[in-house]
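> Need a 3D model of the following:
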Amino acid sequence: MPGPGPRSPAAAAGTWALGDLRVNRIGFGAMRLPQTGEAFAADAAPRDRDEAIGVLRRAVELGVNHIDTAAFYFSSLRSANELINRALAPYPDDLVIATKVGPGRDPSGAWLPHAGPARLRGQVEENLRQLGRDHLDLVNLRILGTGSIAERFGALAELREAGLIRHLGLSNVRPHHLAEARAIAPVVCVQNMYGVGVRPEQDEFVRVCEEQGVAFVPFYAIAGTGGQAGVRGTDADEVLAVARAHGVSAAQVRVAWALHRGPHVLVIPGTGDREHLAANVAAGALRLSEEELHLLDAFHRREV
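Residues are numbered from 1 along each chain as shown. Now for the predicted structure:
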């Protein structure tokens, strides 16, 4: 399958380098692909296989070359990694697939304790098998809590030295975790929950990442506090006012606002719908005025 051309829609927001891998700043998150409705819900209906495969192929056609996934993204019949493999292999040369390790689920879908250093290699190998790869482009260590990550990140750094992983990142972390990890091995990205009106206390961390040349990858940039269930209720008046002024959706304004936070911010909105996918990608071309950014920033800061 040919890769995207230089004028693809996903290139409208520009690019950023994850180590030696350059990606368009509009990416795709695969969490919602295996099911319809809320991710990880025990009663979620598996998504139609052809529909999911079609969304992935359309994403690449639109120029998306950064896909975020995980082995624990699965429903009763569907696995995000295996859908990606089926839809996109042999993979385009410029496609970067980022995955996460740390959390795990048993075959019934029940959550397991987060993996320690000894189990992380097995999780890496599981991702390799499902994706049909001999190495992983980017592995994010996802954590819970504020404790040291040195042992776990060190284990991944060893797998990087062994050639199983090309680049390392972090997910759901604090600034001290980034400093601790960078003392062990290079870190190319931080993936945290963030968006307009969502965790404004992260603003300083976003700035620190830019200073250090580390990509900041917000998750739930559209869903906000709805999280894995998706958007809930009506959006804020400020967001809706900007959306009306541009004739776009509130979701597109949220994507555009995140991209305006810095050239190192990469968004990964996920969907199982082709129309939503096209709208999310198109948001990369949305330019917000200084007045609109001021309005949205003021709303964002009020949520502290």
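
> For the stretch 201-304 of the chain, which segments are assigned as strands?
With DSSP state E, counting those that start in this stretch, the ranges of strands along the stretch 201-304 of the chain come out as 215-219.

> Do a quick rundown of the helices in it.
203-211, 237-246, 250-259, 274-282, 290-302 (DSSP state H, counting those that start in this stretch).

> Need the pLDDT of Gly37.
The per-residue pLDDT reported for Gly37 equals 86.

> Make sure I have this right: it is in a strand.
No. With the criterion set as DSSP: H, G, I helix; E, B strand; the rest coil, the secondary structure at Gly37 is coil rather than a strand.

> What values do phi and psi take at it?
In terms of degrees, to the nearest 10, the main-chain angles of Gly37 are phi 80, psi -160.

> Wait, Arg22 touches Trp16, no?
Yes. Applying C-beta atoms under 8 Å, one finds Arg22 in contact with Trp16, separated by 7.2 Å. For the C-beta atoms, the positions are set from N, CA and C on the backbone; glycine is no exception.

> More neighbours: the two, which one.
Trp16 (22 against 13; other C-beta atoms under 10 Å).

> How about the secondary structure of the more buried one?
Assignment for Trp16 (three-state DSSP): strand.

> before we move on, back to that, among the helices of the stretch 201-304 of the chain, which is nearest Asp68?
helix 274-282 (13.1 Å; C-beta to C-beta).

> Can you point out the buried residues in the closest one?
Neighbour-count burial for helix 274-282, with 16 or more other C-beta atoms under 10 Å as criterion, is recorded at 276-277, 279-282.

> Check the residues you listed and tell me the two furthest apart.
In these, two members sit farther apart than any others by C-beta to C-beta. They are His276 and Ala282, at 10.6 Å.

> The closest residue to Leu136 other than its chain neighbours: neighbour count?
When the adjacent residues along the chain are set aside, Leu136 lies closest to Ile165, with 5.1 Å between them (C-beta to C-beta, 6 or more residues apart in numbering). Residues contacting Ile165 under the criterion other C-beta under 10 Å number 23.

> Next up, the contacts around Ile165.
124, 135-136, 138-139, 156, 159 (C-beta atoms under 8 Å, 6 or more residues apart in numbering).

> Of these, which belong to strands?
Where the contacts of Ile165 overlap with strands, as defined by DSSP state E, the overlap consists of 136, 138-139.
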